[in-house]
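Q: Fold the following.
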Amino acid sequence: MISGTQIIQLLQSAVVFGTVIMFGAIGEILTEKSGNLNLGVPGIMYLGGIAGLAASFFYEFNNPDPSPVICLILSFAAAFLASALGGLLYSFLTITLRANQNVTGLTLTIFGSGVANFFGGSLNTMAGGVGQISVATTSGIYRANIYNKVPSLGTAGSLLLSYGFMVYLAIVVAVLMAWFLNRTRTGLNLRAVGENPATADAAGINVTRYKYAATCIGAGISGMGGLYYTMDYIKGTWANDGTIEALGWLAVALVIFATWKSLNAIWGSYLFGLLSWMYFYVPGLTRSSQELFKMLPYLVTILVLIAISLRKKRENQPPASLGLPYFREER
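A: Numbers count the residues shown, from 1 in each chain. Sure, this is the predicted structure:
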């Protein structure tokens with residue numbers, strides 16, 4: 001039997017892992033709404049994680065009294081910019097040079113993981129060995145929570161308030177994304193670009209500009225998942241264990257599971273986080289059984305994909321031009 005304490009630990013772990021996945025999925029939803037299919041989300045999350053860590057490390061290194069505000073701004077800005085640059089590279093290759101989107105995305109994943117692990121190893125060497133990176137001030141900001149300051153809030157307080165600020169930021173971004181895509185003229189124009197770029201172009205919408213902006217900003221948001229994992233979950237160090245890549249692919253799967261709706265990504269990400277950790281709390285599992293449990297998020301995504309394909313509701317389908325290049329000369 002699973003004890004009450006274990007259930008609370010499982011739910012908290014689901015929220016933490018779910019937040020990493022949520023950032024990646026929200027950014028990819030924005031990207032895919034423009035018609036671009038970016039499979040480089042894991043690599044972009046790697047870039048965000050290592051850029052934020054490197055910026056805070058070089059600021060805190062040999063700095064006896066680092067400013068928490070500067071630590072936060074530097075790490076956050078570096079992570080977003082590095083991830084957005086990954087999105088810019090993808091955009092240049094697929095929109096301007098018309099490279100294949102699937103191949104470019106997969107290449108970006110390999111590129112991002114390679115760059116991140118190279119610089120992560122370099123930072124470990126500079127810090128004196130694996131696990132010796134010290135960005136305590138920056139990590140402390142990301143991990144600070146209300147519950148630690150007011151532990152009398154009880155079990156409900158532990159479940160709702162024992163997380164860093166980025167958990168709540170992810171939810172806010174998801175809500176704002178839904179409002180932007182459904183309630184603003186710019187968001188509706190972006191959706192038009194993703195559905196039928198030729199018609200949008202004929203209506204005077206700058207298709208290239210929208211695709212570039214959505215892909216770069218979406219990549220920046222996805223990179224926040226890597227930053228959160230690095231600063232919060234592994235406490236401001238670098239681990240070359242492939243977890244960021246695994247969570248990045250779950251983020252791509254969550255986009256399908258959420259049927260390209262950012263509000264669905266909120267509860268979907270926590271469900272994925274729960275399924276990702278469940279095998280730790282089921283007694284008597286063999287190693288083979290644990291591997292089967294790790295398949296659950298992907299299995300659920302396949303079932304959802306089959307269901308929406310059979311129901312054929314237009315609002316649950318991907319953008320009509322997703323993954324297809326647009327050549328204005330052929331309009």
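
Q: Quick one: residues contacting the spatially closest residue to S222 that is not a sequence neighbour.
A: Leaving aside its sequence neighbours, S222 sits nearest to G27 (CB to CB, 6 or more residues apart in numbering; 3.2 Å). The way it works is simple: take the backbone N, C-alpha and C, and place the C-beta from them, glycine included. By CB atoms under 8 Å, 6 or more residues apart in numbering, G27 lies in contact with V41, I44, I217, G218, A219, G220, I221, S222, G223, M224, G225.

Q: Show me what secondary structure element comes after the helix or strand containing G27.
A: Assigned by DSSP states H and E, G27 belongs to helix 4-33. From helix 4-33 onward toward the C-terminus, using DSSP H and E, the following helix or strand is helix 41-60.

Q: Quick one: mean pLDDT for that next one?
A: Averaged over helix 41-60, pLDDT sits at 96.

Q: try stretch 273-288
A: On average, stretch 273-288 scores 76.

Q: Then stretch 20-37?
A: Mean pLDDT, stretch 20-37: 96.

Q: same check, this time on stretch 321-331
A: Average pLDDT, stretch 321-331: 79.

Q: Check which residues of it are buried.
A: S321, L322, G323, Y326 (16 or more other CB atoms under 10 Å).

Q: ditto for stretch 120-130
A: Within stretch 120-130, the residues scored as buried using 16+ other CB under 10 Å are G120, L123, N124, A127.

Q: can you pull the contacts of the second one?
A: Taking CB under 8 Å, 6+ apart, we find L123 in contact with L53, A54, F57, I133, W238.

Q: Could you dump these into a markdown table with neighbour count and distance to K211 added?
A: Listed next are the contacts of L123 as a markdown table, based on neighbours: other CB atoms under 10 Å; distance: CB to CB, whole Å:
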| residue | neighbour count | distance to K211 |
| --- | --- | --- |
| L53 | 29 | 30 |
| A54 | 23 | 29 |
| F57 | 22 | 34 |
| I133 | 26 | 37 |
| W238 | 24 | 33 |
